[in-house]
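1. fold the following and give me the result.
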Amino acid sequence: MPCPQEVPSELMFGKWKFETANDSPVFIAFRSSTKKSVQYDDVPEYKDRLSLSENYTLSIKNARISDEKRFVCMLVTEDNVFEEPTVVKVFKQPSQPEIIHPANFLETGKLKMLGECIARESYPEGNITWYKNGNILQPIEGVVVMSLQKTVDKSNGLFTTTSSLQYMPTKKDANAQFACSVTYYGPSGQDTIPSQPVIFDVRYPTEKVTIKVLSQRNTIKEGDNITLKCSGNGNPPPQEFLFYIPGELEAIRGSETYVMTDVRRNATGQYKCSLMDRSMEDSTSITVHYLDLSLTPSGEVTKQIGEALPVSCTISSSRNATVFWMKDNTRMPTSPSFSSLKYQDAGNYICETNLLEVEGLKKRKTLKLIVEGKPQIKMTKKTESNKSKTIVCHVEGFPKPAVQWTITGSGSIINKTEESKYVNGRFSSKIVISPEENVTLTCTAENQLERTVTSMNVSAISIPEYDEPDERNGDNREKVNDQAKLIVGIVVGLLLVALVAGIIYWVYMKRSKPLPRTVSHFLNPPSNSYSPPNLCPQSDVNGKSEKAAAQNLQTLLRTASKHVNKDLGNTEENKKLEENNHKSEP
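-> Below is the predicted model of the structure:
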C-alpha cells in the first residue's frame, strides 16, 4: 500500500496504523528518516507479515479476510503531522461449484429434490444460479423451488454458499442437462464459475404400446422365423406384455419379444400385444408368402414316338408369380406342347417359378422325357462316274439301333461302314462298293423294341445316278418306276425298229424275186447252226446277201430280247423290294 501522502523534505519519521471498530488506532510499523531504521509493533495478527520500504510503502504478506481494514499512513515533521487513509478490500474466489446429493431419478408429475449446488470458500459470499440445457431456471411455484443458504467459516471468515433445487419434470426433460454456477466479486469486478452438467433419469408412465416384426427382409416366406417385439414408451419401459397370436384362444404372457420358428402360410394374420393390465395395445399384420408348383407329369417319363403327351405346370402363390421353362439348360420361349412326339422332343425339362417380391422364394420341378421308337429304315444309293456306288441306310429309332450290313444270298457281313452322328433319334450308316455283278444288300437295324430289315438291289451298271434321301417316300417310288418304264420303252422301241426293218427287207426281196425259204426260217434258225442248201443257184450274190441280212436280224433280236428280259427282271425285282421296304422282323 503506497503512502498516499507525498513525503516532505523535513520528515522526521513515518508510521502506519489501522483503525478498529471503536475507532481506536493500532500502530503496526515505524520508520525514522534519520536513522533509516524500521520498527514493527507487536501486533500478533501481523507478526512477520509486514514490510515498510524507504518510500513508506507498506506490504502485507499472506492476506487474510481480517486485513480488510482502513489503514492510515502518518508522516511527521517538526511542524506538522500528515495523515492519508487507505481502505483495503480482500477477495477470495470460490471453488468450482458442484451438484451434490443428486436424485437417483425424477418422476413426471412429482416435485422432487433434484440436488444441491455448493460453492465453497469465497469472500465475499457468492450467489448461485441454476440452469437447464443452458437456460436459467426461474422459480415457479410447485414446479421449480430453490432455496439459498450461506455459512461462514469462523476460522478464516470464508463463505460457503449452498442452493437446493426441487423440480417437477416432464417427458421432455429426459436427457436434459442440469447445471449451476456461482457469481462472485473480485478485484476486477463480477465473475462466474459454472459447474459440470448432470443428466437425470426422468421416469414417466407408458402412454403408447408398439408392436413390430424384427426381420432382415421386408417380406416373410414359409420356413422363415418371425420375431415380434412389443415395447412401451414409458421410462422405465414395461418388461412384460400379453401377445395375441392368430389361432391361439388365450393371450400369451411373455417378455418384450415373442419368436415363431418355421412359419407356414396359416401364420398369416393380425398380431397384437398389450400391457399386462390390457389398458393399451397395438397390432400389426403379417403375410407369410408361399409358392406351390405342380408339374404333371414329372420325373422320368418314357413315351413312344407319335404319341401325345399333355404337360401341365400349375402354381399357387400369395402373389403373382412368373413361370418359365428350360430344356437342357436353355430357356424356352413358350411352354412345351406335344401333340405328336418326335425324337427331338426328348430331353430334360424344368418348370421354374419365383416371386419377384419375395427374396429367395422360388420353386422348380423337372421332367425327363424319353421318346422311344422302333427302328425305321430308308435306303438310298448314289452311283459315281468311277463305278463306285454309295449305299446309305438312314435309320430312326430310340434307343439307338445297332446297324448291320449283309449281302443277300451269301450272307456275308460288311464291316467297313461309316456312321454319322446320332442326333434327335436319327443317324445314317454308309458303305461304298463297286459290284462286278448285280447284288442285293440288306440293312438291319435293331434296338430293344424291334428288329427291322430292308434290302436294296444294286446293279453292276455304272451309269451315274443319284438317289438322295427324300422325306416324300411316294415320290421316290414314282422315280424308280419311271426309270424302269423308260428302260422298257427304249428296248421295245429297238425291237419295233428291228421288226420294221426286217419286214421292209422281206417285201423288197419278194418283189425282186421269189425267196427259196420263208423269212420265218431266218428269223428262227435251227439251234445247231445248220445252213440250209442254196435253193436259188442262179444268183449266189443275192443268196449271200439274203443270208447275211437274216443273220444280222437274228443277232439284233437276240440282243434286244436279252436286254429286255434283264431290264424287265430288274424292274420287277425293284418293285418287289420297294413293296417289301421297311418289312419288320420282330
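2. which ones are touching the residue lying closest to Cys117 once chain neighbours are set aside?
-> Closest residue in space to Cys117, ignoring its immediate chain neighbours: Cys180 at 3.4 Å, by Cβ to Cβ, 6 or more residues apart in numbering. (Each C-beta comes from the backbone N, C-alpha and C, glycine too.) Counting by Cβ atoms under 8 Å, 6 or more residues apart in numbering, Cys180 makes contact with Pro97, Ile99, Cys117, Ile128, Thr129, Trp130, Tyr131, Ser163, Leu165, Pro194, Ser195.
3. cool, and Lys327?
-> Listed by Cβ under 8 Å, 6+ apart, the contact set of Lys327 reads Pro336, Gly347, Asn348, Tyr349, Ile350.
4. run through the bridge partners of the nearest residue to Thr366 once chain neighbours are set aside.
-> Nearest residue to Thr366 in three dimensions, chain neighbours excluded: Ile350, at 5.3 Å (Cβ to Cβ, 6+ apart). With DSSP bridges as the criterion, Ile350 is bridged to Met326, Thr366.
5. where does Ile350 land on pLDDT?
-> We have a pLDDT of 96 for Ile350.
6. close enough to count as contact, it and Lys368?
-> No - here Ile350 does not reach Lys368: they are 10.1 Å apart, not a contact under Cβ atoms under 8 Å.
7. neighbour count: those two, which is higher?
-> Applying other Cβ atoms under 10 Å to Ile350 and Lys368 shows that Ile350 carries more neighbours, namely 18 against 13.
8. separation between the more buried one and Leu295?
-> According to Cβ to Cβ, to the nearest Å, Ile350 and Leu295 sit 9 Å apart.
9. mutual contacts of those two, please.
-> Lys365, Thr366, Leu367.
10. farthest-apart pair in the contacts of Cys180, please.
-> For the contacts of Cys180, the farthest-apart pair by Cβ to Cβ is Leu165 and Pro194; their separation is 15.1 Å.
11. which one's more surrounded, those two?
-> Legend: neighbour count by other Cβ under 10 Å for Leu165 and Pro194, higher for Leu165 (23 against 14).
12. hey, what's the more buried one bridged with?
-> On the basis of DSSP bridges, Leu165 is bridged to Gly115, Met146.
13. which residues touch it?
-> With Cβ under 8 Å, 6+ apart, Leu165 has these contacts: Met113, Leu114, Gly115, Glu116, Cys117, Trp130, Leu137, Val144, Val145, Met146, Phe178, Cys180.
14. quick one: the second one and Ser163 touch, right?
-> No - shown here, Leu114 and Ser163 do not form a contact pair, counting by Cβ under 8 Å, at 10.9 Å.
15. out of these two, which sits in the busier spot?
-> Under the criterion of other Cβ under 10 Å, the comparison of Leu114 against Ser163 puts Leu114 first, with 26 against 22.
16. quick check: the more buried one vs Leu165, distance?
-> For Leu114, the distance to Leu165 (Cβ to Cβ) stands at 5 Å.
17. and Val432, by the same measure?
-> 117 Å.
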